[in-house]
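Undergrad: Generate a structure from the sequence data that follows.
(one chain, ligands or ions: 1)
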Amino acid sequence: MYTVPKLEDFSPAALDTAAADLLAALKAEAAAASGAEAFAEFRNRWMARKNGLLTQVNELWLKSAPGPAKREVGQRVNSLKQEAEALVTAAEAEAATGALRAKLAGERVDISLPGIARPLGVRHPVLRTLDELISVFVKMGYSVAEGPEVETDYYNFEALNFPPNHPARDTQDTLFVSGQEAKAQRDRLLLRTHTSPVQIRTMENLKPPVRVICPGKVHRNDAPDATHSPVFHQLEGLCVDTNITFGDLKGTLDHAMKSMFGSAVKTSFRPSFFPFTEPSVEVSISCPFCGGKGCRPCKQSGWIELLGAGMVDPNVFGFVNYDAKKLSGFAFGMGVERLAMMTYNVDDIQQFFYGDMRFLEQFA
Ligand code: FA5
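TA: Predicted coordinates for the structure are as follows:
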């Protein structure tokens, strides 16, 4: 194995020979060092600061060179060390690619293996019902409007003719945003309890005639049960023009329900109360499951209550600068989950929100 010789002769020719011997030995050892461990040993033998072969060159050649030759020897030793270091670095890179090549040589990509199939999602039954409803009304000439889920007291209640502290507010158990006490009541934020505020936002922005539907998510502090969820969806409708009558309301909703549940379905309108409509009605459809004879979904009554509606109260027109003497209109709001339950014969509203694949896969 190579050792750094002591020099007697410091002539350029003798130095050249000694340098050539050293480099030849280094190259041979680099080529022989296979594997990470052997290479580390090789590197250490040559490069170690303490007693590595290149350090020994310093000691044995440079330090023992006679005074007049020192300069010449110093330059040669420096360039020799540089060359040696470059050779070690190159050998190191070569060893790394060599190892990678060896690893790859043992691996094969099997392009005939099937890939990882991602299951394709389907539209959620609630959104599917919403889409169907929207398309029924779009065919009747309605456009679609949206509004914010975090609303002000003004749009959710006041402009809909719910005065502050009016008991009608209690019919919609409201989730309020905290820390709003410093604001005037009308500016306080809440999670909208219905999509009716979009009626106001629409009339503020559009001149009559207006025909819009407003789909969206709403929130109430309702305890979850088979027909109630604290988060659910509504589809609001608003039609304002001259000479809009209660007959238009009945015809429109009757047509919409027949489009959704089949032409045999009948609609029934019973008096009700909402502050923003006068008169107000609850709309029911004849039970599509039993045809009106009475069954479990319709609680033996033959009818299923689906939505609230009515003629726009003139006070509401006052909030949006519409002329209540010239204009009239109707509005309605339906719970989309309740319609989806009817469409897909689902008896528990909570099924829509559990995210249980066994339930959702049935709609694929
Ligand atoms: C309203 O929200 C009125 N804004 C509807 C309206 C619009 C009337 C325009 C007149 C004119 P109501 O609170 O009844 O009304 O709710 C409407 C529908 O939402 C109900 O018929 C029901 O289908 C659905 N709904 C109400 N609460 C829940 C709940 N917790 N979970 C699921 N659906 C609900």
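
Undergrad: near the ligand, which residues of the stretch 201-350 of the chain?
TA: Counting by CB under 6 Å from any ligand atom, the stretch 201-350 of the chain comes close to the ligand at 220, 222, 228-229, 232, 234, 236, 274, 277, 307-310, 331-335, 337-338, 349. In this view, the C-beta of every residue, glycine as well, is placed from N, C-alpha and C.

Undergrad: Run a quick neighbour tally on the residue nearest to Ser196 when sequence neighbours are not counted.
TA: Once its chain neighbours are removed from consideration, Ser196 has its nearest residue in Leu160; the separation is 5.5 Å (CB to CB, 6 or more residues apart in numbering). Neighbouring residues of Leu160 were enumerated by other CB atoms under 10 Å; the total is 23.

Undergrad: for stretch 255-273, which positions count as buried?
TA: 255-261, 265, 267, 269 (16 or more other CB atoms under 10 Å).

Undergrad: ditto for stretch 226-233
TA: Of the residues in stretch 226-233, those scored as buried under the neighbour-count criterion (16+ other CB under 10 Å) are 229, 232-233.

Undergrad: what does stretch 211-229 give?
TA: Neighbour-count burial for stretch 211-229 flags 211-216, 218-220, 229 (criterion: 16+ other CB under 10 Å).

Undergrad: Report the contact partners of Glu204.
TA: Listed by CB atoms under 8 Å, 6 or more residues apart in numbering, the contact partners of Glu204 are Val320.

Undergrad: And Glu305, by the same measure?
TA: Residues in contact with Glu305, defined by CB under 8 Å, 6+ apart, are 282-284.

Undergrad: can you rerun that using 10 Å?
TA: Glu305 is in contact with 268, 270, 272, 282-285, 298, 335, 338, counting by CB atoms under 10 Å, 6 or more residues apart in numbering.

Undergrad: Likewise for Asp16?
TA: The contact partners of Asp16, by CB under 10 Å, 6+ apart, come to 76, 80.

Undergrad: Distance of it relative to Thr3?
TA: 19 Å (CB to CB, to the nearest Å).

Undergrad: do the same with Ile304
TA: When distance is defined by CB to CB, Ile304 is 101 Å away from Thr3.

Undergrad: any idea how the protein splits into domains?
TA: According to the domain assignment given by automatic domain parsing, the chain is divided into the following structural domains: 12-105, 125-363.

Undergrad: Kindly reformat the ones you listed as JSON lines containing mean pLDDT.
TA: As requested, the domains of the chain are exported to JSON lines (pLDDT from 0 to 100):
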{"stretch": "domain 12-105", "mean pLDDT": "84"}
{"stretch": "domain 125-363", "mean pLDDT": "95"}
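
Undergrad: just so I know, which of those lies nearest Arg118?
TA: Taking CB to CB as the criterion, domain 125-363 is the member of the domains of the chain that comes nearest to Arg118, at 14.0 Å.

Undergrad: Need the distance between the two termini of that closest one.
TA: Distance across domain 125-363, first residue to last, is 7 Å (CA to CA, to the nearest Å).

Undergrad: ok, of the buried residues of stretch 226-233, which one's closest to Glu72?
TA: Glu72 lies nearest to His233 out of the buried residues of stretch 226-233, by CB to CB, at 91.6 Å.

Undergrad: wait, the closest one sits on Phe353?
TA: No. Using CB atoms under 10 Å, His233 makes no contact with Phe353, being 11.2 Å away.
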